[in-house]
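attaching a predicted model along with its sequence, questions to come.
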Amino acid sequence: MNLHPGPEAADTRALALELLVHGVGGATPERMLGDPRTVRVAGDDTAGIYRRTVDADAELHPGAHQEAPVPEAYTWCNLTSGNGSRAMWLLLLPFMVANLAHWMRPPTGRAGLNRAYDVLVRLIALTLTLALVAAVCEVAMDLVGWQCAGTAGCVRGKYWLGFAAAYGGGWWSEPGRRLALSALVPGALTALLWWLSHRTWYAYESQRPAADNRPRPGAPALALPGFWYGRRLVARLRSAHTAAGALTAATALLVPTLHYDHERGQGALGVIGWALAGLLAVLAAATVTEICRAGRSETERDEATDHHTAHLLLGGGPAALVAAALYAGWHRPGWTSTGRLPAAATFTALTLLQGALIAALAVTAALMHRAADSPRAAAPAVPHQTAGSSTNGLPTGRGEGEGPAEHVEDGHAPGGHPGRAVLHGLGGPAVALLACALGGVLSGGACQRIADWLDRGATPGQDGGPLQGPPVLLTWQASIIPVLLVVLAGVVAVGAWRLWRERVAIGKEMAGLYPGESRQPARTRQIAGAIARAGLTDSLALLVAVVCTVAFLLGAGAVVGAWTGGAGPGEAAKGTPGPLPDVAQQAQALGSWLVGAGVVALLALGRRAYRDASARRTVGILWDVGTFWPRAAHPFAPPCYAERAVPDLTWRMATWTARTGGRIILSGHSQGSVLAAAAVWQLDPATRRRIALLTYGCPLERLYGRWFPAYFGPPQLRSLHRELSAWRNLWRRTDPIGGAVRVAEGPVVDCGPLKDPVAYGRTPEHPLPEPVLGHSGFQADPAFAAERTALLRRLLEAELPVLPASSCQPVSPTPPGLPVQGSSGRSSG
């Protein structure tokens with residue numbers, strides 16, 4: 001469809017476009033546009049631009065669209081949903097959480113601290129890869145290949161393992177060959193992770209930004225041309241993490257084999273083994289060096305590919321694994337497998353290393369926060385706003401008879417303490433600790449569960465007796481899960497009590513919120529409960545602090561218990577008085593079962609969330625926040641959908657305004673408001689002045705401003721406000737996600753809190769009970785239409801600069817009247 005008319009076309013300078021961007025849970029074009037007949041005018045099945053069929057050629061008839069903007073919908077929900085198999089990404093949740101820690105840094109201008117923060121987070125992410133591959137090595141190589149295949153009682157009944165049984169005398173029965181065969185599992189996992197990262201890298205990180213604009217000095221980070229172009233960094237990190245995974249499996253092969261050769265005095269084999277050990281050490285040093293040297297180039301688009309480094313790591317790691325497998329598979333008469341592989345020290349060292357890195361990250365974050373913490377860092381309350389108008393001449397959107405204006409002040413708007421980083425700047429280290437704890441618990445529980453399954457039916461003293469099981473530390477880590485759940489149950493109970501108190505307190509405000517209406521206890525509880533539940537979002541930082549503290553103490557206790565006791569909790573507690581031995585034994589048994597059930601539940605929830613919109617909203621905000629940010633720390637994390645969505649929006653706005661000279665009202669709901677802000681930052685200043693921003697259910701300040709203060713803090717939001725023609729934000733107290741944005745200078749941005757529900761009981765205007773909408777239904781509120789009309793008037797009356805020549809070339813147009821292939825609503829009318 002030709003949406004870019006030439007000079008002979010009608011004058012479109014007064015034409016306005018309303019570009020709608022949906023939020024969490026997604027929305028269909030038909031629902032966003034309020035019309036069952038829609039046509040896709042740009043994009044594909046993953047993300048696209050849609051219009052109503054009657055508006056498909058609006059640029060050719062601008063006179064017919066002077067009273068209202070042309071509505072256009074950008075749908076991006078398939079970037080984070082779609083095929084149910086994508087729920088498998090939830091198994092990589094620790095990687096995503098570690099990547100979030102990278103972006104939670106406190107704002108500071110000290111380059112040395114920023115660099116140290118980057119390196120520490122990337123090293124923590126590397127330890128997560130090592131821990132995952134080491135856990136798979138423990139299951140495949142130690143529990144199955146070394147212990148179970150070497151024990152007659154364990155092999156009995158397992159026909160899939162009989163060919164490698166030690167008592168069978170077959171070619172695979174030697175311990176080294178069994179280890180080499182079982183090393184295929186961690187090798188295959190590493191290859192799968194590389195493939196997933198490489199595949200999504202083409203679809204997301206390789207999407208070029210709209211233009212290579214040179215930002216002004218001091219521009220926000222999200223305005224830099226290379227911010228949403230992580231092509232080079234992800235490629236470098238992917239090579240390093242792939243090599244690290246292969247080297248971990250190679251080390252698990254080499255250590256027991258070299259230990260046997262050293263004890264038996266195998267001359268030539270011993271020399272080869274030590275040479276391989278030296279090669280692994282060199283490659284490991286190169287991997288760590290690459291992790292530390294890698295960095296984001298945000299001031300310009302980085303097109304370099306680092307072929308030599310990538311080839312060295314991608315080729316060296318798997319080659320070392322193959323060499324270790326050949327070395328381990330060499331014939332060694334008389335070698336038998338007893339006990340466990342020497343992996344206990346590996347997991348203990350990884351846990352201690354993670355603790356040291358998180359401690360260093362916490363110190364770095366505290367120094368960054370201290371450098372940024374000054375009286376000027378705190379944003380003042382939003383100025384007083386009178387009913388019916390604002391300082392920029394825009395109406396507040398309240399209808400007649402709705403009572404006095406409700407002001408956006410610290411005591412009324414959700415969020416509180418604007419501009420303050422959560423946990424005094426320690427949000428990043430806390431989230432990194434959660435990532436490590438989650439990875440450790442999942443690894444320990446999975447290993448213990450599989451060991452219990454392999455050992456089922458074994459009789460002590462017969463056929464070799466029970467297996468030795470996984471390293472003691474993993475058993476301890478699995479055993480802390482029931483304790484952690486008990487603590488969380490206590491936190492939930494305290495939260496429920498506070499929620500009840502808050503609901504009672506809010507219920508006393510109903511007379512002021514809805515004056516002149518008779519009280520209905522059930523209705524009051526419904527509204528007050530919605531407001532109180534929405535306020536729980538502001539307690540998220542406290543919940544994270546409690547969970548982190550408990551996880552740290554339990555993790556430290558697990559390390560100490562494994563180190564000093566030398567046995568699992570059940571064995572270590574034997575002989576102690578009281579019920580402690582029984583409690584420890586039950587915790588150990590229950591922990592492995594809970595992890596197995598948790599993994600199944602996680603996959604089921606993820607699969608349902610990808611297919612069911614209502615289930616998706618339950619976890620949608622956490623998932624969309626986690627995958628909004630580029631993969632700057634971990635290349636195996638779920639892909640960043642914003643690296644596709646932000647260029648999509650930026651290209652659309654830049655090309656449309658350049659071709660038509662028109663104006664755009666960018667209308668974003670929920671997470672769509674975050675994408676809208678990020679896209680506006682990527683525009684050149686002249687185009688940005690042709691954009692008015694309308695946000696609703698907006699988490700920019702309430703979530704992003706507090707958890708990611710270096711990117712969405714008060715200075716960044718003030719800068720965005722200054723560079724736009726206008727910005728208005730609608731919010732409600734019943735909204736658990738969005739809130740006021742609290743821009744404290746210039747024209748007032750916030751409009752609210754809007755009444756929700758719009759009527760307390762039945763009235764002549766509302767004869768039926770009105771629902772509590774919370775985070776949805778903003779476009780049905782009268783304030784929405786009023787604010788959009790005022791923004792359109794402001795855009796049409798403003799004197800705008802001449803647009804520079806656009807470097808964005810449109811694609812070949814579709815003939816007028818024909819929908820793009822694959823669009824919905826294909827009716828010709």
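Thanks, I have the structure now.

give the contact list for the nearest residue to residue 757 once chain neighbours are set aside.
Among residues not flanking residue 757 along the chain, residue 770 sits closest, at 3.8 Å (Cβ to Cβ, 6 or more residues apart in numbering). Every residue, glycine included, has its C-beta placed from N, CA and C. Residues in contact with residue 770 (Cβ atoms under 8 Å, 6 or more residues apart in numbering) are 757-759.

what is the nearest of these to residue 51?
Taking Cβ to Cβ as the measure, residue 51 sits nearest to residue 758 out of the contacts of residue 770, at 29.8 Å.

look up how far residue 527 lies from the residue found closest to the closest one once you drop the neighbours it is linked to in the chain.
Using Cβ to Cβ, 6+ apart and skipping the chain neighbours, the partner closest in space to residue 758 is residue 770 (5.3 Å). Counting by Cβ to Cβ, to the nearest Å, the gap from residue 770 to residue 527 is 10 Å.

now do the shared contacts for the two.
By Cβ under 8 Å, 6+ apart, residue 770 and residue 527 have these common neighbours: residue 757.

which among the contacts of residue 770 gets closest to residue 502?
Among these, residue 757 lies closest to residue 502 (Cβ to Cβ), at 18.9 Å.

which parts of the stretch 51-200 of the chain are strands?
Using DSSP state E, counting those that start in this stretch, the strands found in the stretch 51-200 of the chain span residues 70-75.

low-confidence ranges, it, go.
Along the stretch 51-200 of the chain, the model assigns pLDDT under 70 to residues 81-88, 168.

cool, and the stretch 501-650 of the chain?
Within the stretch 501-650 of the chain, the segments meeting pLDDT under 70 span 603, 605-622.

what about 80?
Along the stretch 501-650 of the chain, segments meeting pLDDT under 80 span 565-568, 570-578, 588-589, 591-593, 595-625.

where do the strands sit along the stretch 401-550 of the chain?
Assigned strands in the stretch 401-550 of the chain: none (criterion: DSSP E, counting those that start in this stretch).

name the SS class of the closest residue to residue 230 other than its chain neighbours, please.
Leaving aside its chain neighbours, residue 230 sits nearest to residue 630 (4.4 Å; criterion: Cβ to Cβ, 6+ apart). Look at residue 630: counting by DSSP: H, G, I helix; E, B strand; the rest coil, its state is coil.

show the contacting residues for residue 639.
When contacts are counted by Cβ under 8 Å, 6+ apart, residue 639 touches 200-201, 203-205, 627, 631.

now do 10 Å
79-80, 89, 196-197, 199-201, 203-205, 234, 627, 630-631 (Cβ atoms under 10 Å, 6 or more residues apart in numbering).

next step: these restricted to helices.
Within those, residues falling in helices by DSSP state H are 196-197, 199-201, 203, 234.

to what extent is residue 589 buried, counted in neighbours?
16 (other Cβ atoms under 10 Å).

contacts only, for it.
Going by Cβ under 10 Å, 6+ apart, residue 589 touches 448, 452, 478-479, 482, 570.

and for residue 233?
Neighbouring residues of residue 233 by Cβ under 10 Å, 6+ apart: 122, 205, 226, 294-298, 302, 306, 630-633, 635.

gap between it and residue 298?
Look at residue 233 and residue 298: by Cβ to Cβ, they are 10 Å apart.

quick check: neighbours shared by the two?
With Cβ under 10 Å, 6+ apart as the test, residue 233 and residue 298 both reach 226, 630, 632.

what residues are up against the residue most central in space within the chain?
By Cα atoms, centre = their mean, the chain has its centre lying nearest to residue 626, at 1.2 Å. Contacts for residue 626 (Cβ under 10 Å, 6+ apart) come out as 80, 93, 95-97, 99-100, 619, 637-638, 640.

return the set of buried residues in stretch 288-299.
Judged by neighbour count (16 or more other Cβ atoms under 10 Å), stretch 288-299 contains these buried residues: 290-292, 294-298.
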